[in-house]
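Engineer: What follows is a predicted structure for the sequence shown.
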Amino acid sequence: MRYYIIAGERSGDLHGGNLVKSLKLQDPDAQLRGFGGEYMQEAGVALEVHYRDLAFMGLWEILTNLNKISNYIKQCKANITQFNPDVIILIDYGGFNRRIAKFGKKKGIKVFYYIPPKVWAWYQRRALELKANVDQMFVILPFEKEFYKKFNWDVDYVGNPVLDAVKAHHTDSDFNNKNLIKSDSSVVALLPGSRKQELKLIIPLMEKVVKQFPQYQFAVASVSNLDQSMYGELRSLPNVKFIVEDTYNLLLNSNAAIVTSGTATLETALFRIPQVVVYKTSFISYWIVKMLIKVPFISLVNLIIGKQVVKEMIQQDANVNDVSTELSLLLENQTYRQGILDAYDNLIKILDTGSASENASKLMVGYLRNEK
């Protein structure tokens, strides 16, 4: 069968790559094309557009790039029409993929959504739009299945692909030596994100925090597709190392982490690293989001557990004094650390329902074959 797969961000590309590997086990003759990145390409997807060209963060940033986004949507629609797939598989990236779902429905092409947009956080009525345009939904958070029941929609909960990726990770036992990280000092992982807009706002904060702790080692989880100048003064600080495209090994060798809100908060928790979550966006984007948001937390860790496990420091609260105070607690207060680690153990039990990629691929291929 022919599959057109769309992921617009790095995490979606990772999970898309794992999904494709599982799909090919279920359907060895699969033909795959789409928007994504290296992981999907290595798994066998013929890429039309790389996700790095699609990474726009925040409402204001999206509004100022509407023409560019519109052109990519047109390109995607034309490519789908030319490829004529049996199914379009959408992965996260809600603003873009909701439009493609509507297009697919209009064209009579099956539409599957794996890792749907977080409509439970805001614009909850968009669940009705998804229901109208998506044939099958595959959700990755336990509470999402109950959420969609409010809209008389029985979706498939397949487990969490982040846990799959963590379980599949192969530890590099020589990581510290290769990266000149000393074993006699606490290591703090800095996870600023992978989007330019994130780095512009978070890197200055991280620089200030690092300067408060000359006794600790810091290591930045950097990505290769961004200009290294985006990491600012962190590049020249003596107690900062840069780890390129190896976040999981960095977390395995860290004692605490400062993490920009997103999937990385869950990854950090699954590696059982105490963390403080930080988030900043433009004033306009934050003001709009604050008016619309329907959930009490921004980190996946707190949302899944249903209470505050890790501190979230947003906008003006994401300042050097408050973040430094929290980091000191994470590193030096053993009782405080243990409370977070115990909550992480509970989180892992909640999510551990087998391989999400395998569960989703079996369901997808099964639905398509039954339809035929």
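Structural biologist: Looks like it came in fine. Numbers count the residues shown, from 1 in each chain.

Engineer: Now for residue 174, how many residues are close by?
Structural biologist: 9 (other Cβ atoms under 10 Å). C-beta here means a position set from N, CA and C on the backbone, and glycine is covered the same way.

Engineer: okay, and for the stretch 201-350 of the chain, where does confidence drop off?
Structural biologist: 283, 285-295 (pLDDT under 70).

Engineer: and with 80 instead?
Structural biologist: For the stretch 201-350 of the chain, the stretches with pLDDT under 80 are 225, 281-296.

Engineer: Do a quick rundown of the strands in it.
Structural biologist: Taking DSSP state E, counting those that start in this stretch, the strands of the stretch 201-350 of the chain run over residues 217-222, 240-244, 256-260, 275-279, 311-314.

Engineer: Can you add mean neighbour count and distance to residue 18 and give those back as TSV?
Structural biologist: Putting the strands of the stretch 201-350 of the chain into TSV (neighbours: other Cβ atoms under 10 Å; distance: least, Cβ to Cβ, whole Å) gives the following:
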stretch	mean neighbour count	distance to residue 18
strand 217-222	24	20
strand 240-244	17	21
strand 256-260	27	22
strand 275-279	27	24
strand 311-314	19	28
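
Engineer: Tabulate those in a markdown table, adding columns for distance to residue 320.
Structural biologist: Formatted as a markdown table, the strands of the stretch 201-350 of the chain follow (distance: least, Cβ to Cβ, whole Å):
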| stretch | distance to residue 320 |
| --- | --- |
| strand 217-222 | 14 |
| strand 240-244 | 16 |
| strand 256-260 | 11 |
| strand 275-279 | 11 |
| strand 311-314 | 11 |
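
Engineer: Any idea which of the ones you listed gets closest to residue 126?
Structural biologist: strand 275-279 (21.9 Å; Cβ to Cβ).

Engineer: who does the closest one pair up with?
Structural biologist: strand 256-260 (parallel), strand 311-314 (parallel) (DSSP bridges).

Engineer: can you redo the ones you listed as JSON lines with distance to residue 363?
Structural biologist: Formatted as JSON lines, those follow (distance: least, Cβ to Cβ, whole Å):
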{"stretch": "strand 256-260", "distance to residue 363": "31"}
{"stretch": "strand 311-314", "distance to residue 363": "34"}
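
Engineer: Of all those strands, which one is nearest residue 166?
Structural biologist: strand 256-260 (14.3 Å).

Engineer: any idea how far the closest one is from the chain center?
Structural biologist: Distance of strand 256-260 from its chain centroid, counting by Cα atoms, centre = their mean, to the nearest Å, is 15 Å.

Engineer: got the CA positions of that strand in PDB?
Structural biologist: Once non-C-alpha atoms are left out, strand 256-260 reads as follows in PDB (Å, rounded to 0.1, in the frame of the first residue of the first chain):
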ATOM      1  CA  ALA A 256      19.500  17.500  37.000                       C
ATOM      2  CA  ALA A 257      18.100  19.300  33.900                       C
ATOM      3  CA  ILE A 258      16.700  22.700  32.800                       C
ATOM      4  CA  VAL A 259      14.200  21.900  30.100                       C
ATOM      5  CA  THR A 260      12.200  24.000  27.700                       C
END
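
Engineer: And the residue nearest the centre of this structure?
Structural biologist: The C-alpha lying nearest the average C-alpha coordinate of the chain belongs to residue 263 (Cα atoms, centre = their mean; 3.5 Å).

Engineer: Walk me through the domains of the protein.
Structural biologist: The chain resolves into domains spanning 2-159+353-371, 168-351 when parsed by automatic domain parsing.

Engineer: Kindly confirm my reading that residue 96 is in a strand.
Structural biologist: No. Applying DSSP: H, G, I helix; E, B strand; the rest coil, one finds residue 96 to be helix, outside a strand.

Engineer: re the thing from before, distance of the residue nearest to the centre of the chain from residue 336?
Structural biologist: 25 Å (Cβ to Cβ, to the nearest Å).

Engineer: and what of residue 237?
Structural biologist: 27 Å.
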